[in-house]
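> How does the following fold in three dimensions:
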Amino acid sequence: MKRRPTVAGLLARAAVLVTSCALALPLTATTAGASPVVTGVKSSTSAARTRVVLDLDGPVSFRWGQLHADPSLGRPSRVWVDLYGVTNGGGIETSLVTNDTRLLRMRASQNRPDKARIVFDLRAPVRPTVFTLPPDGDRPHRLVVDLLDGAVVIREKTVTSPPATATTIAQDPATARQLRQRAAIVADMEAMLEQASTRATPTAPGKQVPAASTIEDAPSRATPTAAPATKKKISPIDLDFNTLGYLQESVAPSLDDPDELLFHRQTLHMELEGYTGGGHMLRLAADVYRDDASFQDESTVKSRLREAYLRLRFDKVDLRLGRQQIAWGEADGAIVSDQVSPFDLTNFIVPEFDEIRLGVDGVTLDYYFDDGSDLQLLWLGRFTSPDFPDLASPWFFMDPDALGGLALLPAEKPAASFTNSEFGLRYSRHPLAADWSIGYLRSWDDRPSLAVDPLSGTATPRHEQFDLLTFNVVHPRENLLFRLDAAFENDRMFSVSPLAAPETAGRGFRTRQDVARVLLALDTKPDFEWWEQADASIQLVHEQIIDPHSALLGPRETDHVGLRLSGAWMSETIKPWLFTMVNVRGNDAWLQAKVDYQPMDNWKFSAEYDAFFGHAYNPMARTGGTFGRFDRNDMLLFTVRRSF
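I've put the predicted structure just below:
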C-alpha cells in the first residue's frame, strides 16, 4: 500500500513553497548608469495594423514571443517583449489604448532587475512584428511593435541591437533596404503624429501619455538613405487564410495496475481562419479523436465542431455569429464565474484545458467605449450540456453504490426554443489601477441535479435554469498580480434526502438554493537566478450555500487551497509545472506534476504525474469530495504532439 501524505502535510509544503517565493522577491530594482531607458511611448491604429513605438535613450537587446489565448483561464492572446538592460519597466506609461480593435491593453513591469517586460493583451490573434530603428536626426533609438490582422504562431525571437552606424545597419539580418524603408515609414508616421491636434508626444516615465490619433500608413519621404515606400491600400474584400492544427497521442497507465489504461486518445485538431482587409474573420475549429481506454468495450472514433463563427468588426463593435468559446472569470483549476461555455468531462480534466472547453451556439456583441471600457452582450440559442463520463468509467463523478439501487436514466435537457435560450451581459473597465468586470447570465445549470422517482426506481439528471451574477478584479502591483473572482448563483437546484424531506417529492426530492463563490489569488514571478521564467500562484476558493436545507445530500460549505509553480529553461524548451488543489474541509486533494519538452517549434513531448487523495463525499460524516472519488486513479500521462 502506498503511503499517502496527509492534508496537513500538503498544506505545510505549500506554505513553505509560497513563503520561499515571497522571500525571494526583490525589494528594489537596481539601476545602472549605462542602462537604456524608455523615454516615451506612441501608438497609432490603421485599417492594416496597430503600431506601438517606444523611444529609448540607447540601443537595446530584446526578445519577443506570442502566446495563444487560454479560454479556460479567461486570458486573451498576448504578445510579449523583454527589454534587456532596461531598468525603468515599472515606470513605462501604458495607458494608450483608446478604442483599438486589436489591442486590449498594454502592461509593463520590471520582472527582473536587469529586464523589463512589456505585454500586449489582444482582442484577437494577430501577426506581430518587432524591430528596432537607429537614431535619425532628432529621433532617438526606437523599438517598433506592429500588430497585423491574422495569426502566425511564433514561439520567440531574440535580437541584439548594436550601436546604430552605417556598418552595423548593413550587417543587420534584415536587409539594409528593408530597414531604411521601415525607418522612413515610421519617421513619416511620427511626423504626422506630432502635427496632429491629438498628438501623442514622448514624456518622462510615469506621466500620462495622450492617446494617439488614428492614421493610415504614409508613403516614405525621399531621403539620401531611404528608397520611397509604396502606400498599401487594404481592400475590405482581400482574403488571407491561415491554417494550423496538431496530431496528438496521449496514453495514461494506472499506477495501481500498469496494464490498465485510464486514458488513451489519438487526436487530429484542425483550425482554419480567414481574414479580410476590413478586420472581419471566419474561424473554424474541429477535432477528430479516437478513445481506447481499458474500461471501454471498444474503441470509438468521434468528431466535434468546437468553433464555427463569423466575426464582423466595425468602428466600435465586434459581432460574432455561430459556435464559439466564451470564457469569464479569473480562476485556475476551479469554476467560479466561468460558466458560459461547458467542458468535456468524460475524462475529468486529464486532457489539456484547450482540448476540453466546448463551444456554444449563439451571438456575442462587444462594444468598445471611448474611455477604454467595453460591454459584451450574448445570446445563446440553445443549451449546450457538458459531456459527462459513463457509469462504468473510472471518471464517473458519483459512486454507483450511492444510487441505492436506483436506475440512472439519461439526462433530460431543455428543448431548443426561444424561451429556453440563454442570455447575459458583461461590462469591463481597464483603468491603470486594476481591471474589473461585472456580469449577469440567465443560464441552464451545467451541473444537473438528480430527480428521484421512488415508484419507478429511477434517478434522472435534470438541468434547471438559474441566475448568475459575477464580479472580477485583476490588480497588478510591480511583479505581483492580485485576482478576485466572485459569483452569486440564484435558485440553483440541489438534491435532498427523500426520507428527511418528503415535502420535496413533487420536485423529485430537490430544492432551490442560493450559492456564493469567492476566489482570491496572488500571482508572482520570483527572482531566482536558477529558476528561469519563474511563475508562482496561490489561490483560495470558498463556496457556501446560503441558508442551506437541512436535508441536503451535498456539502454545505467548501474551502479549497490551490498552488501552482512553473518555469521555463533553455528558451522555453523545457517547461516544468506543479499544481495542487486541496479540499480543506473534505480532506481530499489532487496533485499534478508535469514537464513539457519542446525541442522544436512543432514538436512537444509531455510527461505528467497525477495523484488523488482522500475518499468520495460521505453525507453522514460530511467529508470527502470529487478528488477523493478518484483515489484509485493515480496515473502517469505521456503525450506527443506534432503541430503544423
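
> what sits opposite D467 in the beta ladder?
Under DSSP bridges, the beta-bridge partners of D467 are R442, N490.

> list the contacts for it?
D467 is in contact with 440-443, 489-491, counting by CB atoms under 8 Å, 6 or more residues apart in numbering. Glycine gets a C-beta too; all of them are placed from N, C-alpha and C.

> Return the members of those residues classed as buried.
Restricting the contacts of D467 to buried positions leaves 441, 443, 489, with burial counted as 16 or more other CB atoms under 10 Å.

> And the furthest pair within the contacts of D467?
Y440 and D491 (13.9 Å; CB to CB).

> Quick check: closest non-adjacent residue to I349.
With sequence-adjacent residues excluded and distances taken as CB to CB, 6 or more residues apart in numbering, I349 is closest to I356, at 6.4 Å.

> Please verify my assumption that the one you found contacts F343.
Yes - between I356 and F343 a contact is recorded at 4.9 Å, counting by CB atoms under 8 Å.

> So for the two, which residues contact both of them?
I349.

> where in the stretch 101-250 of the chain is pLDDT low?
111, 113, 150-239 (pLDDT under 70).

> Equivalent analysis for the chain, please.
Within the chain, the stretches with pLDDT under 70 are 1-34, 47-48, 70-74, 89-91, 93-100, 111, 113, 150-239, 277, 432.

> contacting residues for V474?
Residues near V474 by CB under 8 Å, 6+ apart: 330, 434-436, 481-484.

> now that we have the residues you listed, which one has the most neighbours?
E330 (26 neighbours; other CB atoms under 10 Å).

> any idea which element that residue lies in?
Under the assignment given by DSSP states H and E, E330 is not contained in any helix or strand.

> Including secondary structure, could the contacts of V474 go into TSV?
Putting those into TSV (DSSP: H, G, I helix; E, B strand; the rest coil) gives the following:
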residue	secondary structure
E330	coil
A434	coil
D435	strand
W436	strand
L481	strand
F482	strand
R483	strand
L484	strand
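
> With distance to A593 as added columns, please give the buried ones among the contacts of D467 in a markdown table.
Listed next are the buried ones among the contacts of D467 as a markdown table, based on distance: CB to CB, whole Å:
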| residue | distance to A593 |
| --- | --- |
| L441 | 35 |
| S443 | 35 |
| E489 | 33 |
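
> right, and out of the residues you listed, which lies closest to D601?
D601 lies nearest to L441 out of those, by CB to CB, at 38.2 Å.

> residues in contact with the closest one?
Contact analysis of L441 by CB under 8 Å, 6+ apart lists 328, 339-340, 422-424, 467-468, 470.

> show me where the chain has helices.
7-23, 166-170, 176-195, 353-356, 626-629 (DSSP state H).

> Just the endpoints, please. Distance across stretch 359-375?
Using CA to CA, to the nearest Å, one end of stretch 359-375 lies 21 Å from the other.

> buried sites along that stretch?
359-366, 368, 372, 374.

> now do stretch 572-581
Residues 575, 577-581 are the ones in stretch 572-581 that count as buried (16+ other CB under 10 Å).

> ok, now stretch 284-298?
By neighbour count on 16+ other CB under 10 Å, the buried set for stretch 284-298 is 284-287, 289, 291, 293.

> Span of it from start to end?
Distance across stretch 284-298, first residue to last, is 30 Å (CA to CA).

> who touches it?
Contacts of stretch 284-298 (CB under 8 Å, 6+ apart): 259-273, 299-308, 347, 355, 359, 392-394.

> So which of the buried residues of stretch 284-298 is the closest to A252?
A293 (8.1 Å).

> and the gap between the closest one and F388?
If you measure A293 against F388 using CB to CB, to the nearest Å, the figure is 15 Å.

> cool, and R442?
R442 is 23 Å from F388, by CB to CB.

> Also A487?
Look at A487 and F388: by CB to CB, they are 22 Å apart.

> Ok, R447 next?
For R447, the distance to F388 - CB to CB - is 10 Å.

> now do G628
Taken as CB to CB, the span from G628 to F388 is 19 Å.

> before we move on, what about F627?
17 Å.

> Out of the two, name the residue with the larger neighbour count.
Using other CB under 10 Å as the criterion, F627 and F388 rank with F627 on top: 25 against 19.

> Enumerate every residue touching that one.
By CB under 8 Å, 6+ apart, F627 lies in contact with 581, 583, 586, 588-590, 612-614.

> Take those and lay them out in CSV including distance to R517.
Putting the contacts of F627 into CSV (distance: CB to CB, whole Å) gives the following:
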residue, distance to R517
M581, 15
N583, 14
G586, 16
D588, 18
A589, 19
W590, 18
F612, 22
F613, 23
G614, 21
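
> which ones among the contacts of L441 are found in strands?
Those of these mapping onto strands are 422-424, 467-468, 470, per DSSP state E.

> quick check, nearest of the contacts of L441 to D146?
When the contacts of L441 are compared against D146 (criterion: CB to CB), the nearest one is W328, at 30.5 Å.

> Please verify my assumption that that closest one contacts T470.
Yes - between W328 and T470 there is a contact under CB under 8 Å: 6.0 Å.

> tell me, what's touching these two both at once?
Counting by CB under 8 Å, 6+ apart, the residues touching both W328 and T470 are 337, 426, 437, 439, 441.

> Among those, which one lies nearest to R139?
The nearest one, if we look at these relative to R139 and count by CB to CB, is S437, at 39.1 Å.

> Number of residues surrounding the closest one?
Neighbour tally, S437, other CB under 10 Å: 23.

> Need the nearest residue in space to it, chain neighbours excluded.
Nearest non-adjacent residue to S437 (CB to CB, 6+ apart): S428, at 3.9 Å.

> For the one you found, which residues are in contact?
373-376, 435-437.

> In strands, which of those appear?
Mapping these onto strands (DSSP E) picks out 374-376, 435-437.

> Pull the number of nearby residues for K604.
Other residues close to K604 by other CB under 10 Å number 18.

> Do I have it right that it meets V595?
No - K604 lies out of contact with V595 (CB under 8 Å); the separation is 10.9 Å.

> which ones are touching the residue nearest to I349?
I356 neighbours (CB under 8 Å, 6+ apart): 72, 343-345, 349.

> ok, the residues you listed vs G404, which is closest?
Checking these one by one against G404 (CB to CB), the nearest turns out to be L345, at 23.6 Å.

> so that closest one sits right up against F388, yeah?
Yes - at 5.8 Å, L345 counts as touching F388 under the criterion of CB under 8 Å.

> anything in contact with each of the two?
Joint contacts of L345 and F388 (CB under 8 Å, 6+ apart) are F397.

> show me the contacts for R507.
So R507 contacts 451, 493 (CB under 8 Å, 6+ apart).

> any idea how far T50 lies from G279?
Counting by CB to CB, the gap from T50 to G279 is 11 Å.

> Can I get stretch 618-630 in PDB? Just the C-alpha atoms.
Output in PDB follows, covering the C-alpha atoms of stretch 618-630 (Å, rounded to 0.1, in the frame of the first residue of the first chain):
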ATOM      1  CA  ASN A 618     -19.900  11.000   2.700                       C
ATOM      2  CA  PRO A 619     -23.100  12.900   3.500                       C
ATOM      3  CA  MET A 620     -23.200  11.500   7.000                       C
ATOM      4  CA  ALA A 621     -19.700  12.400   8.000                       C
ATOM      5  CA  ARG A 622     -19.600  15.400   5.600                       C
ATOM      6  CA  THR A 623     -16.100  14.700   4.500                       C
ATOM      7  CA  GLY A 624     -14.500  13.700   1.200                       C
ATOM      8  CA  GLY A 625     -15.100  15.100  -2.300                       C
ATOM      9  CA  THR A 626     -14.500  14.800  -6.000                       C
ATOM     10  CA  PHE A 627     -10.700  14.300  -5.800                       C
ATOM     11  CA  GLY A 628     -11.200  11.600  -3.200                       C
ATOM     12  CA  ARG A 629     -13.700   9.800  -5.500                       C
ATOM     13  CA  PHE A 630     -10.700   9.200  -7.900                       C
END
